[in-house]
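Enquirer: Pasted the sequence and its predicted model underneath.
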Amino acid sequence: MIIAVSSPDGKFSTEFSPRFGRCNFFIIIDTDTREWESKPNPAANARGGAGPQAVQFLSASGAEAAITGRYGPNAFTTLKAAGIRAYIADAGTPEELLDRFLAGTLEEVNAATGGELHH
Amino acid sequence: MKIAIASGKGGTGKTTIATAFAQALSRAEYSVSLLDCDVEGPNSHIFIQPEFDQFEDVNMLIPSVDDETCTGCGQCAEVCQFHAIVVIGGQTLVFPEMCHGCGSCTLICPEEAITEIPKRLGILEGGLSQEGIRFGHGILNIGEPMAVPVISKLKKWQDLMDAEVVLIDSPPGASCPVVESLRGADYIILVTEPTPFGLHDLRQAYKVTQELGIPAGVIINRDGIGDTGVEQYCEEVGLQIFMQIPLERKIGQGIAQGKSLLEIKPEYENRFLQLYLQIIEALSIVDRS
């Protein structure tokens, strides 16, 4: 399974980014092999609609689950349409969040967790 | 004659000046209209007290996708430069608050699966004041980012635009709603205050007037509060300063009580009539050159 963790610096062992649509990088991880790669988020500086654009990028990257700090309403609607599951965390590195995902201790959300953000 | 009252900085006194100007001209029996284009926070009506009897909704057409007909080809999403339509997982999602109402998605859809439905952005209200000022303003819905369509529809109200003198109270700043408010004006009065903040924002607002090719002059409000930077700048770039309204407790207190500048200081009536003549004079100089 492919999961995506939002990241400020594209690194596996530093703190993740709680921002979703406008995070700088996504760490795309294969949960079976623990192989990962860092991809710059093309929506980071979008004028508007960063959430849906980030989801489109994740969908094209084959992600089936996303891990971040919060989801706005537009991002969440798009995730649902794309069939990508939404998980949230308060803190952690992508590496730690992968372990928590595999252990089944991450919180999955079924609604937007925050209001819309404009930058 | 269409005169817009603008400023880069908020709270400089645009509305104070626009309303006093309208009252002075109306008392001198000019046919005057005042359009409050500050649709995010219109408050000229508080000074003018019109009897509102004209109302109109301002709508924008946003796409609605018929899921049965839609094949998910994604052409609508590609053509939308505001990312208001996303095709993902076989679904076409519309985000109305990002839509600018251009209609490209509807035109490009090969299946004709998109129809356009009106979304209300705000309303227009208009009416006559006791003094005979024809007044109109737009009110943008709370949380709605699209101010421009509300302003442009207000500026199409013909009985307002047909007045001998049309005064336009612009929103502050230097962005799209300001440009939309100023467009078509014969003259722009830039209201500022003599502070580094006023100067900074005056420079921006002046650039907008230059970009639009509309001649402009300055009124300094709260004169005496700050420094001489604004005066120096006006001299440098050749901006005429028409009026300097001093920082006076009496004026501030009166405005705070909802009184118009002319109620507080009746002697300004004559000064605003002079202002009108000065603008006509300034424009005739522009015409001749």
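Expert: Good, I have the coordinates.

Enquirer: just the helices in the stretch 151-289 of chain B please.
Expert: B:158-161, B:176-182, B:196-212, B:229-237, B:249-256, B:261-264, B:268-288 (DSSP state H, counting those that start in this stretch).

Enquirer: Next, the closest residue to A:M1 other than its chain neighbours: phi, psi?
Expert: Spatial nearest neighbour of A:M1, excluding adjacent residues (CB to CB, 6 or more residues apart in numbering or on different chains): A:T31 at 4.7 Å. C-beta: built from backbone N, CA, C; applies to glycine. With angles defined as degrees, to the nearest 10, A:T31 sits at phi -70, psi -20.

Enquirer: thinking again about what came up before, so for B:P145, which of the helices of the stretch 151-289 of chain B sits nearest?
Expert: helix B:176-182 (10.3 Å; CB to CB).

Enquirer: Keeping just the C-alphas, turn that closest one into CSV.
Expert: The C-alpha trace of helix B:176-182 is given here as CSV (Å, rounded to 0.1, in the frame of the first residue of the first chain):
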residue,chain,number,x,y,z
CYS,B,176,-9.2,44.4,-8.4
PRO,B,177,-12.2,45.9,-6.6
VAL,B,178,-10.5,49.3,-6.5
VAL,B,179,-9.7,49.1,-10.3
GLU,B,180,-13.3,48.1,-11.0
SER,B,181,-14.5,51.1,-8.9
LEU,B,182,-12.2,53.6,-10.6
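
Enquirer: Which of the three states applies to B:E29?
Expert: coil (DSSP: H, G, I helix; E, B strand; the rest coil).

Enquirer: typed the wrong thing, it's A:E37
Expert: strand.

Enquirer: beta partners of the nearest residue to it once chain neighbours are set aside?
Expert: Leaving aside its sequence neighbours, A:E37 sits nearest to A:I28 (CB to CB, 6+ apart; 5.4 Å). Note on A:I28: beta-bridge partners by DSSP bridges are A:A4, A:E37.

Enquirer: And the strands in chain A?
Expert: For chain A, the strands defined by DSSP state E occupy A:2-7, A:25-30, A:36-40, A:65-68, A:85-88, A:107-108.

Enquirer: can you put those strands in CSV and add mean pLDDT and mean neighbour count?
Expert: Below are the strands of chain A laid out as CSV (pLDDT from 0 to 100; neighbours: other CB atoms under 10 Å in any protein chain shown):
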stretch, mean pLDDT, mean neighbour count
strand A:2-7, 97, 25
strand A:25-30, 98, 23
strand A:36-40, 97, 15
strand A:65-68, 98, 24
strand A:85-88, 96, 19
strand A:107-108, 95, 12
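
Enquirer: Those: which one's closest to B:E116?
Expert: strand A:85-88 (31.4 Å).

Enquirer: returning to that earlier point: so the residue nearest to A:M1 sits against A:L97, correct?
Expert: No - checked against CB atoms under 8 Å, the pair A:T31 and A:L97 is beyond contact range at 11.1 Å.

Enquirer: Looking at these two now, which is surrounded by more residues?
Expert: The residue with more neighbours, out of A:T31 and A:L97, is A:L97; 22 against 15, by other CB atoms under 10 Å in any protein chain shown.

Enquirer: And B:G89, how close does it get to chain A?
Expert: B:G89 sits 4 Å away from chain A, taking CB to the nearest CB, to the nearest Å as the criterion.

Enquirer: contacting residues for that residue?
Expert: Each residue near B:G89 by CB atoms under 8 Å, 6 or more residues apart in numbering or on different chains is listed here: A:S59, A:A81, A:A82, A:G83.
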